[in-house]
Structures are given as C-alpha cells and as structure tokens.
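Enquirer: when you get a sec, could you give me coordinates for this:
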Amino acid sequence: MAFTGNFMCTSFKLELLTGTHAFTTTVVRALTTADTFKVALYTSSATLDATTTAYAATNEVASGGGYTTGGNSLTSPTTTSSGTTAYVDFADSSWTSATFTARGALIYNSTQSNKSVVVLDFGSDKSVSSGTFTIVFPTNDATNAIIRLA
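Expert: Residues are numbered from 1 along each chain as shown. From the prediction side, this is the model:
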C-alpha cells in the first residue's frame, strides 16, 4: 500500500507564503477569477504523500467507467476563519455512472501548473459499480475543514 495518510503538501505550505494559490478572487494578484482546483483519484499503486509537488497521471484511476483522467473541478470554494484558524472548503465532488476502484485522491491547482495541495487517503480501496462515487468533504469549520491553518 502506497498511501500512508492524509497530508497537506509541504510545497503548498510554501506556496501559500508566496501568494501562489487563489481560492477566491483576490486584489493582491489583480485576478478577475479564482484559480481552478481539481480532485483526481488514484489507485493503491500511487505514491502520494507530503512531498508530492504536482499532479501526475501515474497510477491515477484510468479514464472510462465514469472517470476522466485529471479528475473533477472543485466548486464553491469557501474561505473563512474562526478564532485563530483559517480554513477552506469545497462542494462535495461526484462521478456518476461510475465503475472503478480508488484508494485516495489529490487536490491540486490546475491554474498554477498543477501544483499539489492535499493528499487524501481513503483508508482502503473504495469501489463503485454502475453508481455514483462521491467525495464528501468534512464540515467546514476550524476543527474539521479539509484545509486548515491554525
């Protein structure tokens, strides 16, 4: 098994300090739109961890069976804070009419050279057969949100 847990990628942490990622429209970078973040699914053969720096198709779930290489665009990014913690959330992401098995996922910024953000380890292989495969993101709060900076 190549997945060993959930990680905020180290390169992402550094890139936050340089203003690389824009979850929402920002005046600092004079953007009229936010960056596009995607989630790609991977098999148990993938090697993804905190050192992952960019999306790659190696050991990604194959196109077909309701999945397209590169994954889904994430929608509705919501950034907020509570107390001393800032956090971001996305709408849940689904693949319909799906037949495949995934072991984990990578959230990445497709606008910024496919830079990695977060590795998600599902804990075991998750399969779907002629159904809907959904990633349900945790509650958007300072304790549970998918991306938290405390």
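Enquirer: which stretches of the chain form strands?
Expert: Secondary structure of the chain (DSSP state E): strands at 7-8, 37-42, 72-73, 78-82, 85-89, 93-109, 115-135, 147-149.
Enquirer: out of those strands, which comes closest to His21?
Expert: His21 sits nearest to strand 93-109 of all those, at 5.6 Å, using Cβ to Cβ. Bear in mind the C-beta positions are built from the backbone N, C-alpha and C, glycine included.
Enquirer: give me the mean pLDDT for the closest one.
Expert: Averaging pLDDT along strand 93-109 gives 98.
Enquirer: quick one, that strand and strand 37-42 angle?
Expert: Relative orientation of strand 93-109 and strand 37-42, computed by axes from the mean of the first three to the mean of the last three Cα atoms, to 10 degrees: 110 degrees.
Enquirer: if we can go back for a sec, redo the strands of the chain as CSV? Include distance to Thr53.
Expert: Output for those, formatted as CSV (distance: least, Cβ to Cβ, whole Å):
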stretch, distance to Thr53
strand 7-8, 12
strand 37-42, 14
strand 72-73, 20
strand 78-82, 23
strand 85-89, 20
strand 93-109, 10
strand 115-135, 6
strand 147-149, 17
